[in-house]
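**Q** Have a look at this fold, sequence not included:
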Ligand SMILES: O[C@H]1[C@H](O)[C@@H](O)[C@H](O)[C@@H](O)[C@H]1O
Ligand SMILES: [Fe+2]
Ligand SMILES: [Fe+2]
């Protein structure tokens, strides 16, 4: 028998009642990954409104800037600049190591070095989906775009690198965290940009939608322009994994085309591992490194343009 458990964040998790006695702290996912009920600070995941918590102020301050400055104009400029891919040449693994220098100020659930998060995500997926090696590698690389914060990559401020993403050029949906700060955005009162469709049309496909600029779109660009052989679902995951308004709140569905709808199924799977694998459990980097190097070799050139 299968029971559908409604979590506080309305994520439905399927649990086999015969074999899995329910324990208060953890829930079972598809192939055995345990979803913790709370993050390593003892809070429900993605809590953005707890003024008592130590991390709260920093996170809210982050979103105030992010929502104020991410306009259509800003996104266009960033895309043009970073499409040049003229900053550095290096391998995927070199980038994983660089990422350790980056601290993500937008994340209420994580204060571990980023490489831990990459490996925790990838290893959790690997346990439940042993045959989908492309999805393991997607886990490893999905946050590499956060190097945008480092001086070599332009030293972008946090609000232009991390945090949840959203479309620009149409109305900012109310479900986006800390929505109130959009009032300061120059696009908020622009009648061409503040309607349901804005500059887009029904089912135009997410590929034609400009997303707020950050690590997702940048890493998508790097992977695509360096001719990765990863499937389209992997590129979709990389590009939209921070788009919680879509994959959790079901906003902006009217912009998706049929291919987006297909790819969204994989993003839903991926998101559970990305979010709920954030913990204090350390991964032995040296032990798993050979496996990930072999995947990198399979799907990427030895050196990439960044
Ligand atoms: O704070 C987090 C973090 O920046 C993640 O990398 C991003 O994917 C999430 O959407 C965001 O909420
Ligand atoms: Fe991310
Ligand atoms: Fe992540």
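**A** Sure thing, it's come through. Computed from a predicted structure; not experimentally measured. Ligands and ions are numbered 1, 2, ... in the order given.

**Q** residues from the chain in reach of ligand 1?
**A** Residues of the chain found near ligand 1 (CB under 6 Å from any ligand atom) are 104, 106, 107, 143, 162, 163, 164, 241, 242, 244. Heads up, the C-betas are built off the backbone N, CA and C, glycines and all.

**Q** Just send those back as a markdown table, with distance to residue 33, secondary structure and neighbour count too.
**A** Below are the residues of the chain next to ligand 1 laid out as a markdown table (distance: CB to CB, whole Å; DSSP: H, G, I helix; E, B strand; the rest coil; neighbours: other CB atoms under 10 Å):
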| residue | distance to residue 33 | secondary structure | neighbour count |
| --- | --- | --- | --- |
| 104 | 22 | coil | 21 |
| 106 | 24 | coil | 22 |
| 107 | 20 | coil | 20 |
| 143 | 19 | coil | 25 |
| 162 | 24 | coil | 26 |
| 163 | 25 | coil | 26 |
| 164 | 23 | coil | 21 |
| 241 | 17 | coil | 24 |
| 242 | 21 | coil | 25 |
| 244 | 20 | helix | 21 |
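
**Q** how about CSV for those residues, with pLDDT and distance to residue 223 added?
**A** Below are the residues of the chain next to ligand 1 laid out as CSV (pLDDT from 0 to 100; distance: CB to CB, whole Å):
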residue, pLDDT, distance to residue 223
104, 92, 20
106, 93, 22
107, 91, 22
143, 98, 13
162, 98, 18
163, 98, 21
164, 98, 21
241, 98, 13
242, 98, 16
244, 98, 21
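
**Q** Those residues also near ligand 3: which ones?
**A** Among the residues of the chain next to ligand 1, the residues within reach of ligand 3 (CB under 5 Å from the ion) are residue 143.

**Q** from the residues of the chain next to ligand 1, which is closest to ligand 3?
**A** Closest approach between the residues of the chain next to ligand 1 and ligand 3, by CB to the ion: residue 143, at 4.4 Å.

**Q** is it true that residue 122 touches residue 137?
**A** Yes: using CB atoms under 8 Å, residue 122 makes contact with residue 137 at a distance of 7.3 Å.

**Q** and for the two, which residues touch both?
**A** Counting by CB atoms under 8 Å, 6 or more residues apart in numbering, the contacts common to residue 122 and residue 137 are residue 292.

**Q** low-scoring stretches of the stretch 201-306 of the chain, by residue?
**A** The model of the stretch 201-306 of the chain has no residue with pLDDT under 70.

**Q** go with 80
**A** 280 (pLDDT under 80).

**Q** Likewise for the stretch 1-150 of the chain?
**A** Residue ranges of the stretch 1-150 of the chain with pLDDT under 80: 1-32, 34, 52-54, 112.

**Q** Could you tell me which residues of it lie near ligand 3?
**A** By the rule CB under 5 Å from the ion, the part of the stretch 1-150 of the chain lying against ligand 3 is residue 143.
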